[in-house]
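K.L.:
one predicted model, sequence on top.
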Amino acid sequence: ANADNNRIPNIVNGNMTIFDSLGTSHNLTVRFTKIAPNSWKWDTSIPSTSGVITPPTGGTISFNPDGSVLSVSPSPSVLAFTPAGGAAAQNVTIDFGVRFNGITQTSGSSIISALTQNGSASANLTNISIDQYGKIVGIFSNGNSRDLGQVMVATFRNINALVSVGDNLFTVAANTGDPFVGEPGETTGTTLQSGALEQSNVDLSDEFTKLIVSQRGFQANARVITTSDSLLQEITNLVR
């Protein structure tokens, strides 16, 4: 079915938010005007206080009889946006989709909206996290995240030759070999555990088991010494 019982012209407006290079948001209006059955003309506009969009005339979009997108002109649909306020000029690409993966023409009420867009407002760094592969991820106030860096891991041919300098720090010695630096989990086979103290990242049940075994071993050794002392005492009495 064609939109609005084939009434020509039929005008549908939709709004989407775009962002300039400074993170300022702007309201972009996309207007669709029906010019023939299954054929529409689209154009764009933006408030004069936001800047200038060219070309404002846009292009055309055609639909199949089932309501899916047949063709879009121009393709890709690229607009030149010159923002006001000192931001850099940039291109804005509108993706109308293909077939049913995008805009459709049906007999229902018309709603035009942008499902996704890759711009974002300016934001502050609110938190950081380090994953098991050492990647330092910055979390920003606008909900976005970005990799800021990565913690690397160094291994040596002879790790036992490292020299302790105190405070759990070690330095390279002559016979440790050259360091091999790699990414955690990839080339070194080592992963990181963030948010944990170094002395608290052990299995407590396993450590308590080892403690009990050590305690029982000490008690057994103490009994051996006591038994040996008793035997020696008996031998001494026999001599007397």
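P.N.:
Here it is on my side, so go on.

K.L.:
just the helices from the chain, written as ranges.
P.N.:
Using DSSP state H, the helices of the chain run over 204-239.

K.L.:
for residue 152, give me phi and psi.
P.N.:
Residue 152 has phi and psi values of phi -100, psi 160 when expressed as degrees, to the nearest 10.

K.L.:
who's in contact with it?
P.N.:
134, 181-184 (CB atoms under 8 Å, 6 or more residues apart in numbering). The way it works is simple: take the backbone N, C-alpha and C, and place the C-beta from them, glycine included.

K.L.:
quick one: buried ones out of those residues?
P.N.:
Among the contacts of residue 152, those classed as buried by 16 or more other CB atoms under 10 Å are 134, 184.

K.L.:
nearest residue to the middle of the protein?
P.N.:
Central residue of the chain (CA atoms, centre = their mean): residue 145, 5.4 Å from the mean position.

K.L.:
quick one: it from residue 126, how far?
P.N.:
Distance, residue 145 to residue 126, by CB to CB, to the nearest Å: 10 Å.

K.L.:
same check on residue 96?
P.N.:
35 Å.

K.L.:
neighbour-wise, which of the two wins?
P.N.:
More crowded of residue 96 and residue 126, by other CB atoms under 10 Å: residue 96, with 16 against 11.

K.L.:
touching, that one and residue 76? I think so.
P.N.:
No - at 9.5 Å, residue 96 does not count as touching residue 76 under the criterion of CB atoms under 8 Å.

K.L.:
on that earlier part again, just the ones of the contacts of residue 152 in strands?
P.N.:
The strands, defined by DSSP state E, take in 181-182 from those.

K.L.:
quick one: common contacting residues for residue 145 and residue 126?
P.N.:
Common neighbours of residue 145 and residue 126 (CB under 8 Å, 6+ apart) are residue 139.

K.L.:
residue 107: neighbour count?
P.N.:
Residues near residue 107, counting by other CB under 10 Å, number 12.

K.L.:
tell me the pLDDT at it?
P.N.:
At residue 107, the model reports a pLDDT of 70.

K.L.:
residue contacts, residue 186?
P.N.:
Residue 186 is in contact with residue 133, counting by CB under 8 Å, 6+ apart.

K.L.:
at 7 Å instead, please
P.N.:
Not one residue lies near residue 186 by CB atoms under 7 Å, 6 or more residues apart in numbering.

K.L.:
go on, residue 11?
P.N.:
Applying CB under 7 Å, 6+ apart, the residues contacting residue 11 are 31, 33.
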